[in-house]
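Colleague: model this:
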Amino acid sequence: MANQYGFYVDQQNCIGCFTCQIACKDKNDLADGLRWRKVHEFTGGSCIEENGVFKSNVFAYWLSLGCNHCQNPKCVENCPTGAMYKRKEDGIVLVDQDRCVGCGYCTWSCPYEVPKVSGKTASKCNFCIDLQQEGKNPACVDACIMRVLKFGPIDELRAEYGKVAEVKGLPSADITEPSLVITPHKAAIK
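Modeller: This is a model prediction of the structure:
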């Protein structure tokens, strides 16, 4: 494989505006209730009083996720028709709509719950390959008002931002080896 493409998410600076999620939905003209990119919200902590002084460890952070175009995608491994496949030239995981029977094995197999079955077939983030072929960024990346999303060859993203792909709320990266790099929010560090 020449290049494995992936996403970078600067979680510590994401403000949870959902613009990336909306841009993906609009660009792909997705049906009501169907999302290929989802912004997950995490909140917690408490405020306690000690000797008349209030101390807080309250937190809120978000994580924007589409398909992670994993090195070892379980959706591809468990697809009985071969409709889920990984392109050799860039590692992008796609769905062949003509081969998909809508069985849902891809959804059940993906620890990130990315593929969605709607109607009679599955669908998922396709990394906006049509935009990439025009030399453009994926819609979610360009829509991000905080510029916390990036994409590119995963080796380059890891060289620039590190190798963190594990934060609270995500399954172990060992399961699928996601093509994902995250600069974690301090409350999300495992």
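Colleague: CA only for contacts and neighbour counts going forward, please
Modeller: OK.
Colleague: Could I get the full set of helices for this protein?
Modeller: Counting by DSSP state H, one finds helices in the chain at the ranges 19-27, 74-77, 105-109, 129-133, 139-143, 154-161.
Colleague: Give me the contacts around the longest one.
Modeller: Right, the one you point to is helix 19-27. Contact partners of helix 19-27, identified using Cα atoms under 8 Å, 6 or more residues apart in numbering, comprise 34-39, 64, 139-141, 143-145.
Colleague: quick check, distance from that helix to the centre of its chain.
Modeller: Here helix 19-27 is found 13 Å from its chain centre; the criterion is Cα atoms, centre = their mean, to the nearest Å.
Colleague: so what pLDDT did the residue of the chain most remote from its centre get?
Modeller: The centre of the chain is farthest from one residue, Asn51, which by Cα atoms, centre = their mean lies 44.1 Å away. For Asn51, the pLDDT comes out at 90.
Colleague: swap in the one 3 residues further on?
Modeller: The predicted local confidence for Phe54 comes out at a pLDDT of 90.
Colleague: which residues does it bridge with?
Modeller: Beta-bridge pairing of Phe54 under DSSP bridges involves Glu49.
Colleague: From Tyr61, how far off is it?
Modeller: From Phe54 across to Tyr61, the span is 22 Å (Cα to Cα, to the nearest Å).
Colleague: Who has more neighbours out of these two?
Modeller: Relative neighbour count places Tyr61 above the other of Phe54 and Tyr61, with 20 against 9, counting by other Cα atoms under 10 Å.
Colleague: Can you get me a residue count around Lys27?
Modeller: Neighbour count for Lys27, taken as other Cα under 10 Å: 12.
Colleague: about what we covered before: which one of the contacts of helix 19-27 is nearest Ala187?
Modeller: Ala187 has its nearest neighbour among these in Ser64, at 15.7 Å by Cα to Cα.
Colleague: For the closest residue to the closest one other than its chain neighbours, give me the pLDDT.
Modeller: On the basis of Cα to Cα, 6 or more residues apart in numbering, the spatially nearest residue to Ser64 that is not a chain neighbour turns out to be Val39, at 4.2 Å. Model confidence at Val39, expressed as pLDDT, equals 97.
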